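> sequence and predicted structure are below.
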Amino acid sequence: MINLQQEDLEKLVSHMRKCGDLLAKATTDLDLLESKTKELESQAFLSAEGTIKDKEHKARTCKLVVENNGKIAQLRGDIQKLRWSLKVSEIECDLFRSVNSNKRLERKLYEHLS
């Protein structure tokens, strides 16, 4: 059985706040980077020559666009990790509440029987 104390709960809440802040920043960074990538792709498309398909391929394989794709993938991975970290913390907090609820219920039962 997991033994959670009040200090552990405070640490969990603090951890959840930090994760929430990091998640918000990562989401903002992802949105900005995706917008910047679309802008770079459009600029590369307009400056390329050839058929429309050739322009699209050149725009998608532009050096800056390819670099941003790696960064976008990294940010998406970070966001997923932060979401799961928040979920685990929520579960641990719920577990703490459940354990303490059971303790209160047992205490009330014993008080009633006494």
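Cool, the structure landed.
> what helix or strand is the spatially most central residue of the chain on?
Centroid check for the chain by CA atoms, centre = their mean gives residue 79 as the closest residue, at 3.0 Å. Taking DSSP states H and E as the criterion, residue 79 maps to helix 63-113.
> can you name every helix or strand that that helix contacts?
Contacts defined by 3 or more CB pairs under 8 Å, 6 or more residues apart in numbering; DSSP states H and E place helix 63-113 against helix 6-47. (Glycine included, C-beta is placed from N, CA and C.)
> share the number of residues neighbouring residue 82, please.
Residue 82 is flanked by 20 other residues according to other CB atoms under 10 Å.
> may I ask you to confirm that the residue nearest to the centre of the chain is in contact with residue 24?
No: using CB atoms under 8 Å as the test, residue 79 is too far from residue 24 to be in contact (10.1 Å).
> the helix or strand bottoming out on mean pLDDT in the chain versus helix 6-47: what angle between them?
Within the chain, no helix or strand scores below helix 63-113, which has a mean of 86 by mean pLDDT, DSSP states H and E. Orientation check (axes from the mean of the first three to the mean of the last three CA atoms, to 10 degrees): helix 63-113 against helix 6-47 gives 160 degrees.
> how far off centre is helix 63-113?
11 Å (CA atoms, centre = their mean, to the nearest Å).
> same deal with stretch 55-65?
Using CA atoms, centre = their mean, the offset of stretch 55-65 from its chain centre is 29 Å.
> end to end, how far does that stretch reach?
End-to-end span of stretch 55-65 (CA to CA, to the nearest Å): 14 Å.
> look up the closest residue to residue 76, ignoring the ones flanking it.
Closest residue to residue 76 apart from its sequence neighbours, by CB to CB, 6 or more residues apart in numbering: residue 30 at 6.7 Å.
> noted, bye for now.
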